[in-house]
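> Predicted structure and sequence below. I'll ask about it afterward.
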Amino acid sequence: LSNVVVKNCYIADQSGNISPKVGGLVGQAALYSVIEGCVVQKSKIEIANGVSMGGIAGDIRTSTVINACETSATSIQGNSALGGIAGTTGNGTPVTNCKTETTIHGKQNMGGIVGESFSRAPINNCIASGDMQSTATEDNYKYNMGGIVGYLASDWTHPPAKLATGNVADMNIKLPEGVESAATVNRIAGWTIANEEYSGNETRYVDDALAQNYATEAYQLPVDEAAANDTTANGAKLVQKDKVFFESIGFKYGTTVDEPWHDLSAQSIDLPILFVYDNVQTAIEAIPAQQASHPKATLSEGVLSVNN
């Protein structure tokens, strides 16, 4: 799939009887699929018991690739495995050069880009903006919420390869009322190997596969001072915001899906934008005004019905 625009889509089920994989563009992508240059804008996904829900795709697996895609002014409300781009990622499914502005509400395993990464798929050079809040009320809950990825599976072999680098989290993450902080809530990655259970004399590992990740001041929860400049799970504070800096962490500027970023610092816009955003404006503006309100799509027993 390439150069697809989805606008004003509303996918909903409030019965709580189903838990489908749902995305603003595709529910599940597999078998070496490629999704690039796509945009989901001004859309809502509200599945009461939804698991694996994303702004672009609910679940990706089998070497599927998502590159240079964007969600904006979009909201996702469900149970767990919720991500601004993908709900869950499987083996060999990189998410790169993506940008999201999303509101995410659920219980756990929520990330600005990816909700759950069970197979430790790469997430590189992405920007996540928006708000995220857990609705869980249980005591001692493992929220697993991160500005980039909510749950990152542990790898006890400690491979040297980096898998989440050059990302920027611009997310305001909120916990339930009365909860001030949680060990599995971080600026970049919520749950990592550091959150596994260790005995008193065991070495607590840090996931070295995360590097050169940064976070803006949008994240307002407490950050351990010792980790304030750590570019792994917490992400260092983003201070420099010019093109030179973003290029130094891997962002490529141009007008293709391989070099998809634009610099708008001259217009007082700190974070770069994707070229695809400019390219789809004509198509978006061509959508009839009467479709501006969300056409409602209702899920019932696995059947998606759209009422225009």
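Received, thanks. A quick note: this is a predicted structure, and the numbers were derived from the prediction, not measured. Numbering: from 1, shown residues only.
> what about residue 258, neighbour count?
12 (other CB atoms under 10 Å). For the C-beta atoms, the positions are set from N, CA and C on the backbone; glycine is no exception.
> Could I get the contacting residues of it?
Contacts for residue 258 (CB atoms under 8 Å, 6 or more residues apart in numbering) come out as residue 252.
> Can you point out the helix or strand that includes it?
Per DSSP states H and E: residue 258 is located in neither a helix nor a strand.
> give me phi/psi at it?
The phi/psi pair for residue 258 (degrees, to the nearest 10) reads phi -90, psi -30.
> That one and residue 125: what is the separation?
Distance check for residue 258 against residue 125: by CB to CB, to the nearest Å, it reads 11 Å.
> shared neighbours of the two, which are they?
Residues touching both residue 258 and residue 125 by CB under 8 Å, 6+ apart: residue 252.
> Just the CA atoms of stretch 12-27, as CSV, please.
What follows is the C-alpha trace of stretch 12-27 in CSV, where atoms were taken according to Å, rounded to 0.1, in the frame of the first residue of the first chain:
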residue,chain,number,x,y,z
ALA,A,12,-16.4,1.6,16.9
ASP,A,13,-17.7,-1.2,19.1
GLN,A,14,-18.8,-0.5,22.6
SER,A,15,-20.2,-4.0,23.3
GLY,A,16,-17.0,-5.4,24.7
ASN,A,17,-17.8,-8.7,23.1
ILE,A,18,-15.1,-8.6,20.5
SER,A,19,-11.3,-7.8,20.4
PRO,A,20,-10.4,-7.4,16.8
LYS,A,21,-7.1,-6.2,15.4
VAL,A,22,-7.9,-2.7,14.0
GLY,A,23,-6.0,-0.1,12.2
GLY,A,24,-6.9,3.2,10.6
LEU,A,25,-5.6,1.7,7.3
VAL,A,26,-5.4,-2.1,7.8
GLY,A,27,-6.3,-4.5,10.6
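> can you pull the buried residues of that stretch?
12-13, 18-27 (16 or more other CB atoms under 10 Å).
> So which of the residues you listed sits lowest on pLDDT?
The member of the buried residues of stretch 12-27 with the lowest pLDDT is residue 18, at 79.
> For that one, what are phi and psi?
When read as degrees, to the nearest 10, the backbone of residue 18 gives phi -130, psi 160.
> What of residue 244?
When read as degrees, to the nearest 10, the backbone of residue 244 gives phi -60, psi -40.
> Next, count neighbours for it.
Neighbour count of residue 244, defined by other CB under 10 Å: 8.
> ditto for the one 10 residues further on
Neighbourhood size, residue 254 [other CB under 10 Å]: 11.
> can you pull the contacts of it?
For residue 254, the contacting residues are 260-261, 275, by CB under 8 Å, 6+ apart.
> Mind doing that once more with 10 Å?
Taking CB atoms under 10 Å, 6 or more residues apart in numbering as the contact definition, residue 254 lies against 260-262, 275.
> Just the buried ones among these, please.
Buried subset of the contacts of residue 254 (neighbour count, 16+ other CB under 10 Å): 260-262, 275.
> Between all of the residues you listed, which two are at the greatest distance?
Farthest apart among the buried ones among the contacts of residue 254 by CB to CB are 260 and 262. That separation is 8.2 Å.
> Could you tell me which residues touch both of those two?
Where contact means CB under 10 Å, 6+ apart, the residues bridging residue 260 and residue 262 through contact with each are 253-254, 272-277.
> Weed out the non-buried ones from those residues.
For the shared contacts of residue 260 and residue 262, burial is judged from neighbour counts taken by 16+ other CB under 10 Å, and it is met by 272-277.
> Done for today, thanks.
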